[in-house]
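*Asks:* okay, predicted coordinates and the sequence, questions at the end:
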Amino acid sequence: AAPVALISGMSSMSNSHIIVKSGPTIEKLANAKTFAFDKTGTLTKNQLVIDQIVPVSDKITKEQLQSLAASVEQQSTHIIASSLVKVTDKKSIKPAHNIKETTGQGVEGTVGDHVIKVGRTEFTDPNNKMNINFGSTTITISIDGKYAGYITFKDQIRPETPSTLVRLRRQGAKHIMMLTGDHKDAADKIGKAAGVDDIRYQLLPDEKIKAIRNVKKENRPVVMTGDGINDAPSLTAADVGIAMGAKGASAASESADAVIMVDDLSKINDAVAISKHTMKVAN
Ligand code: ADP
Ligand code: MG
């Protein structure tokens, strides 16, 4: 397409609060048939609500379990971390040291003289002694390698998600995928309500990238949309990476080809519509 048409398309995008970094992105968006989405924070609201707090025994209270978890999550930008810290009594949050976050797994740190791990079961309990099957988004907590309990969250679908995917199909999408690190039950619940036709769950960050690379072999261009915080590598792997950037998701915004500046998934439809219009005018 003529560069001038693409520049005009980029300007329409920006009027719609979508920042597109280069002209060829518009051409790819206009032709895309495969759209992949991250679950948490992208198809669902960018704020999780605590559902249950379940300590392993009466040696530790719900409040203690929550504040220990929040103490090691203070610096994490993961949606689970920010949702937890936000609702935890600030006075109960203790200083944590030697914080180490493993993307798609969890966080560990030292609080007092105890090593606290917070994250998926495989991370907090490598020997897999817990063997619990969770139906919702969950973090497990261990203290000095011993299982201490878990916290479950309600992950609520965005109100605009189902209609956005319906419209995306009318706009020509043939394959709508969801890629998530979460468990099968949690993934199925959201994926079905959203109208996703290809639900991929319990993926490690590397497996998300592999999934993107594989669909690229079938039908390009592939568009991947993520809320950003830990989705940067899969955004890079796609032909077009789109970051939901309203929450200042700077890490992902850098690796993205386009950034949606408002907290509204239906902007994807606007991006596709503007791209198709731009290409029609350009040719
Ligand atoms: P999603 O694909 O749904 O965005 P992630 O791949 O980021 O999920 O994470 C998968 C799982 O790993 C989460 O459901 C959670 O159990 C665990 N996890 C990842 N990062 C963190 C963190 N910072 N704190 C606690 N748990 C985490
Ligand atoms: Mg996410």
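*Replies:* On my side now, so go ahead. Ligands and ions are numbered 1, 2, ... in the order given.
*Asks:* now do the strands in this structure.
*Replies:* With DSSP state E as the definition, the chain shows strands at residue ranges 18-20, 34-38, 49-55, 97-102, 106-111, 114-119, 137-143, 146-154, 175-179, 198-200, 222-226, 240-244, 258-260.
*Asks:* how far does the fourth one sit from its chain's centre?
*Replies:* Averaged C-alpha coordinates place strand 97-102 at 20 Å from its chain's average position (C-alpha atoms, centre = their mean, to the nearest Å).
*Asks:* which helices and strands does it pack with?
*Replies:* In this structure, strand 97-102 packs against strand 106-111, with contacts taken as 3 or more C-beta pairs under 8 Å, 6 or more residues apart in numbering; DSSP states H and E. Backbone N, C-alpha and C define where each C-beta goes, glycine included.
*Asks:* what residues does the strand it packs on touch?
*Replies:* By C-beta atoms under 8 Å, 6 or more residues apart in numbering, the residues outside strand 106-111 that reach it are 68, 71-73, 76, 78, 81, 94-101, 115-120, 123-124, 139.
*Asks:* pretty sure residue 75 sits against residue 98.
*Replies:* No - with contact defined as C-beta atoms under 8 Å, residue 75 and residue 98 do not form a contacting pair (11.7 Å).
*Asks:* burial count for residue 206?
*Replies:* A count of nearby residues for residue 206, using other C-beta atoms under 10 Å, gives 12.
*Asks:* what's the answer for the one 3 residues further on, then?
*Replies:* One way to gauge burial is a neighbour count; for residue 209, by other C-beta under 10 Å, it gives 19.
*Asks:* so among the contacts of strand 106-111, which ones count as buried?
*Replies:* Taking 16 or more other C-beta atoms under 10 Å as the criterion, what is buried in the contacts of strand 106-111 is 68, 71-73, 76, 78, 81, 96, 99, 101, 116-120, 123-124, 139.
*Asks:* who's in contact with residue 195?
*Replies:* Residue 195 touches 161, 162, 165, 166, 176, counting by C-beta under 8 Å, 6+ apart.
*Asks:* actually residue 213, not the one I wrote
*Replies:* Under the criterion of C-beta under 8 Å, 6+ apart, the contact list for residue 213 reads residue 237.
*Asks:* not counting sequence-adjacent ones, nearest residue to residue 60?
*Replies:* Distances taken as C-beta to C-beta, 6 or more residues apart in numbering place residue 148 nearest to residue 60, at 5.9 Å, with adjacent residues excluded.
*Asks:* nope, residue 25 is what I meant
*Replies:* Spatial nearest neighbour of residue 25, excluding adjacent residues (C-beta to C-beta, 6+ apart): residue 257 at 4.5 Å.
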